[in-house]
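**Q** Predicted model, plus sequence, below.
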Amino acid sequence: MEDFTKWLPSLLVVIGWIIVNHQNNKRETRKECRSLIDDAKAAVIDVAAKAVLYHTEAKKELSVEILAAIDALEIECERLPNWVKGCPLMGCHAAFANAMTGGDFDSAEVEKKAANSPQVISIVRTRTEMLSELERIFRVHYLGGGSKPS
C-alpha cells in the first residue's frame with residue numbers, strides 16, 4: 001500500500017493532463033468549425049448578393065464568379081460533419097446553387113428581373129435556409145443543442 005501512495009500524485013497528474021488535453025482538443029475543434037462556418041456564411045451572403053445583382057442588373061460578367069463561389073462553398077461544406085449524400089446541408093446547398101443559377105443564367109442575353117421576381121425571392125429564401133442549416137450544424141455537433149435533422 002505504501003508503494004501505491006508514492007505513485008498516487010504522479011498518477012493524478014497524468015489523469016489530470018489527459019482530461020485537460022481532451023478538453024483543449026474539443027475546444028480547438030469547435031473553434032476551427034466556428035471559423036469554417038463563419039467563412040461559409042460569409043461566402044453564402046456574398047454569392048447571393050452577386051446573384052441578385054446578376055439577375056436584377058443583368059450583370060453577365062458575374063456569372064463566372066457566381067459559379068466559382070458555389071463550387072468553393074461546396075468544398076468548404078465537405079469539411080463539416082455528416083456531409084454525406086442526402087444530408088440536410090447538401091440539400092440546402094443544391095437548392096441554393098439551383099436558385100443562383102436558375103432561369104436564364106449564363107445565357108447570351110440576361111434579362112433584368114425585378115427585385116420581387118420569383119428568381120430573386122428564391123435566391124434570398126435559399127440563402128436564409130443555407131445560413132440556418134450551417135448554424136444548426138454547429139449547434140448540434142459542437143454545442144449539444146438545436147435540433148437533429150428530421
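**A** Ah, there it is.

**Q** I'd like to know how many residues surround the nearest residue to K60 once chain neighbours are set aside.
**A** Using C-beta to C-beta, 6 or more residues apart in numbering and skipping residues adjacent in sequence, the residue nearest K60 is V110, 4.9 Å away. Glycine gets a C-beta too; all of them are placed from N, C-alpha and C. For V110, the count of nearby residues is 19 (other C-beta atoms under 10 Å).

**Q** cool, and K26?
**A** Using other C-beta under 10 Å, K26 has 11 neighbouring residues.

**Q** rewinding a little: and the gap between the residue nearest to K60 and F138?
**A** V110 sits 36 Å away from F138, going by C-beta to C-beta, to the nearest Å.

**Q** host element of the closest residue to L62 other than its chain neighbours?
**A** Excluding the flanking residues, the one nearest L62 by C-beta to C-beta, 6+ apart is Y54, at 4.5 Å. If you go by DSSP states H and E, Y54 is part of helix 2-57.
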